[in-house]
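>>> model this:
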Amino acid sequence: MAFIVEDGTGRSDATSLASVEFADAYFAGNPFANAWGAADTARKQWALMAASTDLMTLNLEGWPVSVNQALMVPRYGLVSAQGGLIASTSVPPIFAAACCEQALARIVSDRVQAQDQGRVSSLTMGATSVTYANSGSSSVAPITEAARRMLARFELPLMAMRA
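All right, here's what the predicted structure looks like:
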């Protein structure tokens, strides 16, 4: 899959809310982001695309600018913390930053899972049974606390289901 950053037009082929350059600048000087700096460009692109997909699970206020757009933003009807409308012609920086936080979590969790690959997670001696650690990444990961906090003001409450 091609790495295509949303440019604010509601692209139907966009795969990421943030560019690698934005993410590199975002994590520059962050002592907790060593895994980001150690990753190569292809790994960073994969993580940003996966993070953008993860964030699509959020129930946001407003509505997409295009019925064909691939990602959650740009959107009409997003309101800033100061009460003003956010331009629907760009990816708000807070969304790109949340994507970066989610991408970092993807890189870290993927690295942990890769370290577990081939490791024995359980061993039974009677009738001999060996279970290996699961090393597969899920297609959609839980939203990190950092990303959720960043986007909380844009999330709509889940409506209670009526029987």
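
>>> Where does pLDDT dip in the protein?
The chain contains residues with pLDDT under 70 at 110-140, 158-163.

>>> Name the residues of the top helix by length along it that are buried.
Assignment by DSSP state H gives helix 93-116 as the longest helix of the chain. The neighbour-count check on helix 93-116 (16 or more other Cβ atoms under 10 Å) flags 94-110 as buried. For every residue, glycine as well, the C-beta is placed using N, CA and C.

>>> Stretch 34-42 too?
By neighbour count on 16+ other Cβ under 10 Å, the buried set for stretch 34-42 is 35, 36, 39.

>>> Stretch 13-23 too?
Using 16+ other Cβ under 10 Å as the test for burial, stretch 13-23 gives 14, 15, 16, 17, 18, 19, 20, 22, 23.

>>> where does the residue nearest in space to the middle of the chain land in three-state SS?
Compute the mean C-alpha point of the chain, and by Cα atoms, centre = their mean the closest residue is residue 51, 1.9 Å away. For residue 51, the secondary structure call by DSSP: H, G, I helix; E, B strand; the rest coil comes out as helix.

>>> same deal with residue 18?
Look at residue 18: counting by three-state DSSP, its state is coil.

>>> My guess is residue 147 contacts residue 103. True?
No - taking contacts as Cβ atoms under 8 Å, residue 147 lies outside contact range of residue 103: 9.3 Å.

>>> Are there residues contacting both of these two? Which ones?
residue 51 (Cβ atoms under 8 Å, 6 or more residues apart in numbering).

>>> Strands of this structure, start to end?
In the chain, the segments counted as strands under DSSP state E are 63-64, 75-76, 120-124, 129-132.

>>> re earlier: for the longest helix of the chain, which helices and strands make contact with it?
Counting contacts by 3 or more Cβ pairs under 8 Å, 6 or more residues apart in numbering; DSSP states H and E, helix 93-116 is packed against helix 20-27, helix 34-38, helix 41-55, helix 145-151.

>>> closest to residue 80 out of those helices?
helix 145-151 (12.7 Å; Cβ to Cβ).

>>> Give me the contacts around the closest one.
51, 55, 58, 60, 94, 95, 97, 98, 99, 101, 102, 105.

>>> for that helix, which positions count as buried?
Within helix 145-151, the residues that count as buried by 16+ other Cβ under 10 Å are 147, 148, 150, 151.

>>> ok, of those, which one's closest to residue 10?
Using Cβ to Cβ, the buried residues of helix 145-151 come closest to residue 10 at residue 151, 18.4 Å.

>>> mind checking how far that closest one is from residue 30?
Distance of residue 151 to residue 30, given as Cβ to Cβ, to the nearest Å: 19 Å.
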